[in-house]
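> need a 3D model of the sequence below.
(one chain, ligands or ions: 1)
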Amino acid sequence: MVQSTTKPDSQGFFGAYGGQYVPEALKQRLDEVTRAFEAAEADPAFQKEFEDLCTHYAGRPSPIFHCNNLSRAFGAEIWLKREDLNHLGAHKINNTLGQCLLAKRMGKTRVIAETGAGQHGVATAATAALMGLACTICMGEVDVERQKLNVTRMEMLGAKVQVATKGQKTLKEAVDDALAQWIDDDEMFYVLGSAVGPHPYPYMVKRFQSVIGTEARSQILSETGRLPDACLACVGGGSNAIGLFSGFFNDAAVRLIGVEPGGRGDGYGQHAASLCLGEPGVMHGFNSYMVKNAQGDPGEVYSISAGLDYPSVGPEHAQLKDTGRAEYVRVTDKEALDAFFLLSRKEGIIPALESSHALAQALKMAKELPGSLLLVNLSGRGDKDVSQVQQLLASGALG
Ligand SMILES: Cc1ncc(COP(=O)(O)O)c(C=O)c1O
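Numbers count the residues shown, from 1 in each chain. As a prediction, this is how the structure comes out:
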């Protein structure tokens, strides 16, 4: 864990965002995690164990790859950070290794996690199996349907998958269920899957994911002799994006671009673009940008990607938006799908639908900035999305 450049204040705020808006019982759990994480962060033995697992279990460092064919076709140098090549196919494993190690250090015997696309659920289930922890994964009914392959993988890895059947039956409801069970169980650790939630999670998840940015910066320098003009990553809760960005915070000339799910368009309920189209508000115990309904509560969200349809976003991203250090844009389902097929057919890499959003934005920028060097975080591989895309093709929805 290389030291990252930004830290929240002692109350867990990044500027106006973050914090701990939680009942007392949950605050006690969070304070226990904060104390344990601070001690672990300062302990070289913990760091070494984390780094060894990243190397020998997850397969790090993940390489960067120059997309020759797309670069020629689009006129910019397009590079991918290959998080899709990690064990289990996404960046999520970086975070679950860190948090499950912490759970063990705290003497916990059970972990619980929420999942949307199932990637965090699979990574948690595998890490729990590795470390001998019992594991429950909360997942919305809609996502269970969209991501059946990952449900099967979680069960094979020995986890219990608990279906969230309230509300929109997606990621928000899965988090609601996981938080409720954590409050009641002393033996349990909550393995949160993104850089969201009350303090210390946004900071802790950033620290574990900062391995992406640290590696990417030195890899791009050694491959090209220069820094990229822009780093791009999709933003659901924002963990792969903050992990990549953290490596480049101090490089003022490098643009940091977070790509949100624009879904079917800007109408209410048609997207999950919290930073682009939302406003500040509190949910799940933290203050950030949020998609709201008419009453000011968490609103309905939609994306083709099960991993992106969350009505809020990590608080550090909210601060980066306000300060202008990072830019946030949105990409529609259609644009993401076009990028999904382009990468598959021109480079032989089937990307996750989530990551396809970031690539779609890079392809747009390539045309506007010919000759530029664009580094895209390919946060995951698309195996989990194959049957969803196949169904869309079969139904004629893709034209
Ligand atoms: C492959 C992949 N990329 C990105 C995301 C979005 O999460 P985050 O914004 O925390 O990186 C997910 C979430 O499930 C995912 O599975």
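
> separation between the residue nearest to Val22 when sequence neighbours are not counted and Gln209?
Among residues not flanking Val22 along the chain, Gly285 sits closest, at 4.3 Å (CB to CB, 6 or more residues apart in numbering). The C-beta positions use only the backbone N, C-alpha and C, and glycine is treated the same way. To Gln209, Gly285 is 20 Å away according to CB to CB, to the nearest Å.

> what of Pro351?
Relative to Gln209, Pro351 is positioned 18 Å away (CB to CB).

> what's the burial count for Asp338?
Neighbours of Asp338 under the rule other CB atoms under 10 Å: 17.

> contact partners for the residue lying closest to Leu369 once chain neighbours are set aside?
Counting by CB to CB, 6+ apart, Ala76 is the residue found nearest to Leu369 once chain neighbours are left out, at 6.1 Å. Residues near Ala76 by CB atoms under 8 Å, 6 or more residues apart in numbering: Ala362, Met365, Ala366, Leu369, Pro370, Gly371, Ser372, Leu373, Leu374.

> what are the phi and psi values at the first one?
With angles defined as degrees, to the nearest 10, Ala362 sits at phi -60, psi -40.

> how close does it get to the ligand?
From Ala362 over to the ligand the distance is 15 Å, taken as CB to the nearest ligand atom, to the nearest Å.

> how many residues are close by that residue?
The local packing of Ala362 (other CB under 10 Å) involves 25 other residues.

> was I right about it contacting Ile78?
Yes - between Ala362 and Ile78 there is a contact under CB atoms under 8 Å: 5.8 Å.

> okay, and the common contacts of those two?
With CB under 8 Å, 6+ apart as the test, Ala362 and Ile78 both reach Leu374, Val376.

> so which residues of the stretch 101-250 of the chain form strands?
Assigned by DSSP state E, counting those that start in this stretch, the stretch 101-250 of the chain shows strands spanning 110-115, 134-140, 160-164, 188-190, 230-234.

> now do the contacts for Val191.
Asn95, Thr96, Gln99, Cys100, Ala103, Val111, Ile112, Ala113, His120, Thr124, Thr127.

> can I assume Ala336 sits in a strand?
No - note on Ala336: no strand contains this position according to DSSP: H, G, I helix; E, B strand; the rest coil, which reports helix.

> that one: neighbour count?
Going by other CB under 10 Å, the residues that sit close to Ala336 add up to 29.

> how much space between it and the ligand?
12 Å.

> let me see the contact set for that residue.
Taking CB under 8 Å, 6+ apart as the test, what Ala336 contacts is Pro261, Ile304, Ser305, Leu353, Ser356, His357, Ala360.

> if we can go back for a sec, and for the residue nearest to Val22, the neighbour number?
Gly285 has 22 neighbours, counted by other CB under 10 Å.

> my guess is it contacts Lys27, does it?
No - in this structure, Gly285 is not within contact of Lys27 by CB under 8 Å, at 9.1 Å.

> what sits in contact with each of the two?
Joint contacts of Gly285 and Lys27 (CB under 8 Å, 6+ apart) are Gln20.

> which parts of the protein sit against the ligand?
Taking CB under 6 Å from any ligand atom as the measure of proximity, the chain contacts the ligand at 90, 116-117, 119-120, 194, 234-241, 307-308, 352, 354-355, 379-380.

> so which of the residues you listed are in helices?
Mapping the residues of the chain next to the ligand onto helices (DSSP state H) picks out Gln119, His120, Ser239, Asn240, Ala241, Glu354, Ser355.

> and the contacts of stretch 279-299?
12, 16-22, 26, 172, 175-176, 179, 196-199, 202, 268-269, 271-275, 277-278, 300-301, 311-315, 317-318, 321.

> only whichever of those are buried, select them in PyMOL.
Filtering these down to the buried ones (16 or more other CB atoms under 10 Å) takes a single PyMOL command:
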select buried, resi 12+17+18+19+20+22+26+172+175+176+179+196+197+198+199+202+271+272+273+274+275+277+278+300+301+311+312+313+314+315+317+318+321
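
> deepest of the strands of the stretch 101-250 of the chain, which one?
strand 230-234 (a mean of 29; mean count of other CB atoms under 10 Å).

> quick check, central residue of this structure?
In the chain, the residue lying closest to the centroid (CA atoms, centre = their mean) is Ser239, at 3.7 Å.
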